[in-house]
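Visitor: Predicted model and sequence below, questions to follow.
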Amino acid sequence: MLILGTASLSPCVSFSPSPSPSPPPPPKFPHPNPNLNLLLSHPSFTPISLRPKQSSSCSKRLLSQNAPNSIVAALAKAEPLKVIISGAPASGKGTQCELITQKYGLVHISAGDLLRAEVAAASENGKLAKEYMEKGQLVPNEIVVMMVKERLLQLDSQQRGWLLDGYPRSSSQAAGLEDYGIRPDVFILLDVSEDILVERVVGRRLDPLTGKIYHLVYSPPENDEIASRLTQRFDDTEEKVKLRLCTHHENVDDVLSVYKDITVKAC
Ligand SMILES: Nc1ncnc2c1ncn2[C@@H]1O[C@H](COP(=O)(O)OP(=O)(O)O)[C@@H](O)[C@H]1O
C-alpha cells in the first residue's frame, strides 16, 4: 500500500548548516504512518524561504538517493512548496493540514471550506453548491474550479506556497489544474479503512468559536461550556458520509493517476 518505503526516506541527511551530517530529527507529526512522518518532518521539506542558505548542488547531495526522482527533485526546488492532500471524508486531512501549515507556513486552501463559506453567505453559488453537498456529490466544476484557481493565484499562496485540501477530486479538475500549469510538488493520499471513517464522521463536532474539531467519544470537549456550543456539519450524518465515500471511491483512482509519480500514500 505504501508507495514510499521507510528505506527510501530514512537515509536522508539533515539540512542543518553544521559541517558534519546529523541524523534526521525525530518525526513531529503524530500520524500513525512513520513514512509520512519522516517525509513531512524531513528538513528538506522546508520551503526555501525558511531554509538555511546553501548551494543547490549541496541540497541535491543531501537528499536520499533512494527516494523517487520526482520527489527528490521537488524537495530540492528553490520555490515555495506546493502540496495537495487527498483522502476520504474524516481520513484526517484536517489534522494533517493543521500540522503541515503550522510547520511550513503554507496557505491552507480547502475546497470544502471555500464552498461552506459560499453556503453560509447564501450566495447563488452557495445555494446551488449546498444541493450537491447534501447529496454527498461533487459540486459542479463551474462553481468550484474558478473558486480554487483564484485562491491559488492570490499573492499569499504564491509567496508562501500552498496546501490544497480536497481538490482536485475528479480527472477533469486535475486536468484543469494541469492546463493552468498548476502542479504540486507532492501529492499526499490518506488511506483509512471505511469503518473507522464512518465512526469518526458521525461523532465529529466543531467548536465555531475556536475552529477546533472534537469527537464526542475520542476527543470530547474539555468542559460543558464548550460542549454546549459544538456544532455538527450538515453533511456529517451516517447516510451522507456513505454517499461521500462512494463519490470518493468513484474518483480517487482517476486523480491518483495524474499524480502517481509524486504520491505519498499513508494509511
Ligand atoms: N473538489 C471538489 N469538487 C466538487 N465538490 C467538492 C470538492 N471539494 C469539496 N466538495 C464538496 O464539499 C463537500 C465537503 O467536502 P470536504 O469539506 O472536503 O469534506 P469531506 O472530505 O469530509 O467530504 C463534498 O462532499 C462535496 O460535495
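Guide: Thanks, I have it. Residues are numbered from 1 along each chain as shown.

Visitor: if I look at the residue of the stretch 51-200 of the chain found nearest the ligand, how far off is residue 84?
Guide: Nearest residue of the stretch 51-200 of the chain to the ligand (C-beta to the nearest ligand atom) works out as residue 112 at 1.9 Å. Where C-beta positions appear, they are placed from N, C-alpha and C, glycine not excepted. Separation of residue 112 from residue 84 (C-beta to C-beta, to the nearest Å) stands at 14 Å.

Visitor: intersection of neighbour lists for these two?
Guide: Shared contacts of residue 112 and residue 84, defined by C-beta atoms under 8 Å, 6 or more residues apart in numbering, are found at residue 165.

Visitor: so who does residue 242 touch?
Guide: By C-beta under 8 Å, 6+ apart, residue 242 lies in contact with 136, 198.

Visitor: Now name the helix or strand holding it.
Guide: Secondary structure here is read from DSSP states H and E; on that basis residue 242 sits in helix 238-259.

Visitor: re earlier: and for the residue of the stretch 51-200 of the chain closest to the ligand, nearest residue in space, chain neighbours not counted?
Guide: residue 166 (5.0 Å; C-beta to C-beta, 6 or more residues apart in numbering).

Visitor: And residue 216, by the same measure?
Guide: Counting by C-beta to C-beta, 6+ apart, residue 203 is the residue found nearest to residue 216 once chain neighbours are left out, at 4.3 Å.

Visitor: Was I right to think the one you found contacts residue 217?
Guide: Yes: counting by C-beta atoms under 8 Å, residue 203 touches residue 217, with 5.3 Å between them.

Visitor: the more surrounded of these two?
Guide: Shown here are residue 203 and residue 217; by other C-beta atoms under 10 Å, residue 203 has more neighbours (17 against 10).

Visitor: contacting residues for the more buried one?
Guide: Contact partners of residue 203, counting by C-beta under 8 Å, 6+ apart, are 215-218.

Visitor: now do 7 Å
Guide: Residue 203 sits next to 215-217 when contact means C-beta atoms under 7 Å, 6 or more residues apart in numbering.

Visitor: from the residues you listed, which is closest to residue 231?
Guide: Each of these was checked against residue 231 using C-beta to C-beta; the closest is residue 216, at 12.4 Å.

Visitor: Quick check, pLDDT for the closest one.
Guide: Per-residue confidence (pLDDT) for residue 216: 95.

Visitor: tell me which parts of the stretch 1-150 of the chain are close to the ligand?
Guide: 89-90, 111-112, 115, 132-133, 136-139, 144 (C-beta under 6 Å from any ligand atom).

Visitor: Now restrict those residues to buried residues only.
Guide: The neighbour count (16 or more other C-beta atoms under 10 Å) marks 89-90, 111-112, 115, 132-133, 136, 138-139, 144 as buried among these.

Visitor: pLDDT check: weakest of these?
Guide: Taken together, these show their lowest pLDDT at residue 90, with 86.
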